[in-house]
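**Q** show me the folded form of this:
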Amino acid sequence: MGYREEFIEIFTQNITRPGADKLLEWLDTTDFYRAPASTRFHGACESGLVMHSLNVYHALMDRFYTEEESKESFAVVALLHDLCKANYYKAGTRNVKNETTGQWEKVPTYNVEDMFPYGHGEKSVYLIERFIRLRPAEAVAIRWHMGGFDDAARGGCRAISEAYDKYPLAVKLHIADLEATYLMEKGTGRH
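**A** Purely as a prediction, here's the structure:
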């Protein structure tokens, strides 16, 4: 089974709230299933974004899911946390010096082309809520899934600490995102 098929299977089995079908239809109008997860680091390859979303889902479920948790909430936050990256990257090239020959060579790369610069987590929440209603814990988890890498947190915003204190799902998603990025997807980028 390919990434797209696995994503759709997990999504349809777990996310049943009103509008979920419309969100899934909308994903087909974007490059979500073909897009990279980053420009050079983890998942900087075709279908890296959907691969990463699935890795976060599996890390979240394997590490944190208990019978008291909502499978739907786990699926929503893990599968959709980086929705902001759909239609975000543009394929291009960059020059890299070949260490063996000393010649400059064009290599494929991805560049950011953000048509809606709204912020990382904020943009994902906005896009998701065009189709389905998020619960407060889900919205906060998606908003703060970047942890200390988030521009607001690096700028001194204290809301992230309050979010993690009040919403354990936000902490769990951040840890699952780190595990997927730095452990499961090691070697999937272009350095």
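**Q** need the pLDDT of the residue positioned nearest the centre of the chain.
**A** Central residue check for the chain by Cα atoms, centre = their mean: the C-alpha nearest the mean position is that of Asp82, 2.7 Å away. With respect to pLDDT, Asp82 has a value of 98.
**Q** how close does it get to Asp165?
**A** 24 Å (Cβ to Cβ, to the nearest Å). All C-beta atoms are positioned from the backbone trio N, CA, C, and that covers glycine.
**Q** what's the answer for Asn87, then?
**A** 34 Å.
**Q** the more surrounded of these two?
**A** Asn87 (16 against 10; other Cβ atoms under 10 Å).
**Q** can you pull the contacts of that one?
**A** Each residue near Asn87 by Cβ atoms under 8 Å, 6 or more residues apart in numbering is listed here: 30-31, 35, 115.
**Q** tell me the two of the residues you listed that are most distant?
**A** Ala35 and Met115 (13.4 Å; Cβ to Cβ).
**Q** so Pro108: helix, strand or coil?
**A** On the three-state scheme (DSSP: H, G, I helix; E, B strand; the rest coil), Pro108 is labelled strand.
**Q** quick revisit: most neighbours among the contacts of Asn87, which one?
**A** Top of the contacts of Asn87 by neighbour count (other Cβ under 10 Å): Ala35, with 23 neighbours.
**Q** now it, nearest residue through space, not along the chain?
**A** Sequence neighbours aside, Leu49 is the residue nearest to Ala35 in space, at 4.3 Å (criterion: Cβ to Cβ, 6 or more residues apart in numbering).
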